[in-house]
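Undergrad: Got a sequence here, can you build the structure:
(one chain, ligands or ions: 1)
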Amino acid sequence: MTPSPARRDLVGRTVLITGANAGIGYWCAELLAARGARVLLGCRSTHRAEVAAKTLRAGVLGADVGTLPVDLGSLAVIRDAAARVDERLDAVICNAGVKAADPADRTEDGLDLMVGTNALGHFALLARLGHALAPDARVVAVGSLAHRFARIDPATLSQPWSGPSLRRYGRSKAALMSLTFELDRRWRGSGRSALCAHPGYAVDPLTPYRDGLAAVSGPVRAAAALSRGLVQGKDAGAEPIVHAVVARDAAGGEYWGPGGLLEFRGAPARVQASAEVRSSAIATELWSIAEELTGVRFAV
Ligand SMILES: NC(=O)c1ccc[n+]([C@@H]2O[C@H](COP(=O)([O-])OP(=O)(O)OC[C@H]3O[C@@H](n4cnc5c(N)ncnc54)[C@H](OP(=O)(O)O)[C@@H]3O)[C@@H](O)[C@H]2O)c1
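TA: Now for the predicted structure:
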């Protein structure tokens with residue numbers, strides 16, 4: 001059971017979290033629910049969503065939890081999921097992510113699996129959620145240190161890339177971050193805001209046990225404990241993301257992550273994003289290509 005938080009300051013606020021049935025997404029939901037927020041678990045598996053919702057309700061007294069079936073790898077499912085949202089969203093956490101894939105792996109719509117899911121899936125979802133977003137809604141995209149390992153070339157965004165999986169993953173996260181900073185620029189003055197946050201290096205064996213979530217054996221946990229000085233659990237990895245959503249000192253256009261060594265672990269702090277994901281020239285081109293590839297016009 002999550003200890004009663006000092007503050008239940010988020011009562012009346014609703015946050016949609018994609019990929020909330022596991023890892024960092026689940027922990028964002030638990031941290032927000034413990035502060036009184038209603039959390040909407042956006043998951044591609046109804047069964048896994050229900051398991052996470054049950055765990056959350058068992059762990060957080062009075063948790064207000066809903067589920068939204070959404071597969072970020074299917075533009076048709078995204079369209080239907082967004083249309084189903086009939087409540088006001090105060091925030092959306094774009095967390096769902098594919099971290100490793102074969103270059104040949106594609107989404108249902110034939111897009112590169114990591115770019116299509118991590119970046120374009122969230123772009124299409126946000127574009128279709130306009131009717132539900134509160135006038136002061138906040139979007140937080142989950143970026144990664146890996147965004148630095150890749151160059152964004154908007155023209156080849158969904159073409160297969162060879163090379164290490166980490167670099168291809170970095171491309172998808174760089175694209176997501178670039179589009180998020182561009183969303184914030186386009187929203188400026190509207191009351192809405194968008195920013196990025198990353199969880200550092202967050203692993204399941206250092207994460208507290210939760211029923212139905214990643215099972216880690218005792219020996220693996222014991223071995224992983226040796227790395228606690230360098231990396232962290234996914235509960236801690238969720239902290240900079242939740243901070244970006246709710247903290248008074250976090251603002252649109254910022255990038256938050258763990259403030260410790262190499263940004264692998266530690267308390268939330270403002271961190272640096274690459275010049276490339278900060279470039280409005282690249283982002284403008286990327287935005288048009290994202291609209292073209294998803295077939296969704298993102299009116300702001
Ligand atoms: N862990 C780290 O150190 C780290 C570092 C930097 C950034 N990140 C980012 O943080 C986010 C969460 O990572 P994690 O470590 O918590 O990963 P995780 O435990 O593997 O969880 C990933 C979540 O994304 C969901 N997902 C994947 N593809 C999806 C799709 N097509 N539609 C809907 N949901 C989908 C998964 O759902 P299923 O259960 O259905 O597969 C799962 O809920 C990711 O965006 C990742 O890139 C993580």
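
Undergrad: Quick one: end-to-end distance for stretch 57-76.
TA: Between the opening and closing residues of stretch 57-76 there is a gap of 30 Å (Cα to Cα, to the nearest Å).

Undergrad: what residues does the stretch 151-300 of the chain put near the ligand?
TA: Proximity of the stretch 151-300 of the chain to the ligand is confined to 198, 199, 201, 202, 234, 237 under the rule Cβ under 6 Å from any ligand atom. Every residue, glycine included, has its C-beta placed from N, CA and C.

Undergrad: Now render those residues as CSV, adding neighbour count, secondary structure and pLDDT.
TA: As requested, those are arranged in CSV below (neighbours: other Cβ atoms under 10 Å; DSSP: H, G, I helix; E, B strand; the rest coil; pLDDT from 0 to 100):
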residue, neighbour count, secondary structure, pLDDT
198, 27, coil, 98
199, 29, coil, 98
201, 19, coil, 98
202, 23, strand, 98
234, 24, helix, 98
237, 28, helix, 98
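
Undergrad: So of these, which two are at opposite extremes in space?
TA: Using Cβ to Cβ, the two most remote members of those are 198 and 234, lying 12.6 Å apart.

Undergrad: Do you have the strands of the stretch 101-250 of the chain handy? List them.
TA: In the stretch 101-250 of the chain, the strands defined using DSSP state E, counting those that start in this stretch lie at 133-142, 193-197, 202-203, 232-233.

Undergrad: which residues sit against the second one?
TA: So the one you mean is strand 193-197. For strand 193-197, contacts defined as Cβ atoms under 8 Å, 6 or more residues apart in numbering pick out 136-143, 176-177, 180-181, 183-184, 187, 240-241, 243-244, 250-257, 268, 273.

Undergrad: out of the strands of the stretch 101-250 of the chain, nearest to residue 287?
TA: Of the strands of the stretch 101-250 of the chain, nearest to residue 287 by Cβ to Cβ is strand 193-197, at 12.5 Å.

Undergrad: Just the terminal-to-terminal distance for stretch 272-287.
TA: Using Cα to Cα, the distance between the terminal residues of stretch 272-287 is 22 Å.

Undergrad: Kindly apply the preceding question to stretch 136-152 instead.
TA: Start-to-end span of stretch 136-152 (Cα to Cα) is 30 Å.

Undergrad: Show me which residues of it are buried.
TA: Along stretch 136-152, these residues count as buried under the neighbour rule (16 or more other Cβ atoms under 10 Å): 137-147, 149-150, 152.

Undergrad: Residue 160 - how many residues pack around it?
TA: The tally of other residues near residue 160 (other Cβ atoms under 10 Å) stands at 13.

Undergrad: Quick check: nearest residue in space to it, chain neighbours excluded?
TA: The shortest distance from residue 160 to any residue other than its chain neighbours is 4.5 Å, reached at residue 103 (Cβ to Cβ, 6 or more residues apart in numbering).

Undergrad: check contacts around residue 56.
TA: Applying Cβ under 8 Å, 6+ apart as the definition, the contact partners of residue 56 turn out to be 26, 29, 30, 33, 39, 41, 63, 65.

Undergrad: How about whatever residue of the stretch 51-200 of the chain ends up closest to the ligand, nearest residue that isn't a chain neighbour?
TA: Nearest to the ligand in the stretch 51-200 of the chain, going by Cβ to the nearest ligand atom, is residue 97, at a distance of 2.3 Å. The shortest distance from residue 97 to any residue that is not its chain neighbour, by Cβ to Cβ, 6+ apart, is 4.9 Å, and that residue is residue 118.

Undergrad: show me what contacts the one you found?
TA: Residues near residue 118 by Cβ under 8 Å, 6+ apart: 72, 96, 97, 98, 169, 172, 173, 175, 176.

Undergrad: at 6 Å what do you get?
TA: If a contact means Cβ atoms under 6 Å, 6 or more residues apart in numbering, then residue 118 has 97, 172, 176 as its contacts.

Undergrad: Could you state which residue of the protein sits nearest its centroid?
TA: Computing the C-alpha centroid of the chain and ranking residues by Cα atoms, centre = their mean puts residue 95 first, at 1.8 Å.

Undergrad: Go ahead and confirm that residue touches residue 19.
TA: Yes: using Cβ atoms under 6 Å, residue 95 is in contact with residue 19, at 4.7 Å.
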